[in-house]
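Engineer: any chance you can model this:
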Amino acid sequence: MSLPAPKLDDLISREYRHGFVTDVEADALPRGLSEDVVRLISAKKNEPAFMLEWRLAAFRHWRTMTEPGWATVRHPKIDYQDIIYYSAPKSGKTGPKSLDEVDPELLRVYEKLGVPLKERELLAGVALGAILGSIGFLRITMWSAFSDIYGPHWLLVATTVGMALIGVVLWGGLVGSLLPFLLRRIGFDPATSSAPFVATLVDVTGLVIYFSVALVLLRGTLL
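Structural biologist: Have a look, this model is predicted:
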């Protein structure tokens, strides 16, 4: 069934409802396209000289071409000098070291696009904790094959060290992910406040986690 013309015109002229604009501080060039713009973009991307020459040759050839008119489409003539050809979010020389230093507006863009950065950070913490815990466990296990330094309860000691490492790393990842939201809610800048506070908090609570695991696993044997 075809739509009535007024209804069809309304749909065509309506703004795309799934689009959005994010207001982030950007490093953008002025509108317009020239050889200087091509050189500047190439310099920003640290491209080799041969790539720049290839792009300049392509641009010079493009300037000799005419826009094809054989397609049955109607649109305003494209003003290529009214386009911004380079725009990227501003960042420091080394870039953000963690999600806490990323512009909150940029994080919201990833959330709108369904990219779970926080979940990925937590999963990375789980993987790191498992790796460090395994290394601690295997180190004590292998050492006990050549020495009696850990005594007859070396397996419990190895399990304690492995479990404690996993717990400390998971706790550090959880605090690092949730604390910025709390600091932002009470009016502090997470990029400058969370890093030292997280380090101190994880150091102190890491000892608590270690001794708690040791108390549970070593009670009645070494404790």
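
Engineer: so Ala71, which state does it fall into?
Structural biologist: Under DSSP: H, G, I helix; E, B strand; the rest coil, Ala71 falls in the coil class.

Engineer: can you give me the distance of the closest residue in space to Ile78 that isn't next to it in sequence to Ile131?
Structural biologist: Excluding its sequence neighbours, the residue lying closest to Ile78 (CB to CB, 6 or more residues apart in numbering) is Glu67, at 7.3 Å. From N, CA and C alone the C-beta is placed, and that goes for glycine too. Glu67 is 56 Å from Ile131, where distance means CB to CB, to the nearest Å.

Engineer: higher neighbour count, these two?
Structural biologist: Ile131 (13 against 7; other CB atoms under 10 Å).

Engineer: quick check: next helix or strand after the host helix or strand of the more buried one?
Structural biologist: Secondary structure assigned from DSSP states H and E places Ile131 in helix 117-144. Downstream of helix 117-144, the first helix or strand assigned by DSSP H and E is helix 154-185.

Engineer: centre of the chain to that following helix, how far?
Structural biologist: 20 Å (CA atoms, centre = their mean, to the nearest Å).

Engineer: against which helices or strands is it packed?
Structural biologist: helix 117-144, helix 190-218 (3 or more CB pairs under 8 Å, 6 or more residues apart in numbering; DSSP states H and E).

Engineer: domain map for this structure?
Structural biologist: 5-94, 117-218 (automatic domain parsing).

Engineer: how far does the shortest one sit from the chain's center?
Structural biologist: Here domain 5-94 is found 25 Å from its chain centre; the criterion is CA atoms, centre = their mean.

Engineer: got the buried residues for the helix holding Ile131?
Structural biologist: 118, 122, 125, 128-129, 132-133, 136-137, 140-141, 144 (16 or more other CB atoms under 10 Å).

Engineer: element containing Lys27?
Structural biologist: I think there's a mix-up here, since residue 27 is Asp and not Lys. Per DSSP H and E: strand 26-28 holds Asp27.

Engineer: any chance of the helices and strands packed on helix 154-185 in a markdown table, with distance to Thr72 and mean pLDDT too?
Structural biologist: As requested, the helices and strands packed on helix 154-185 are exported to a markdown table (distance: least, CB to CB, whole Å; pLDDT from 0 to 100):
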| stretch | distance to Thr72 | mean pLDDT |
| --- | --- | --- |
| helix 117-144 | 44 | 81 |
| helix 190-218 | 53 | 78 |
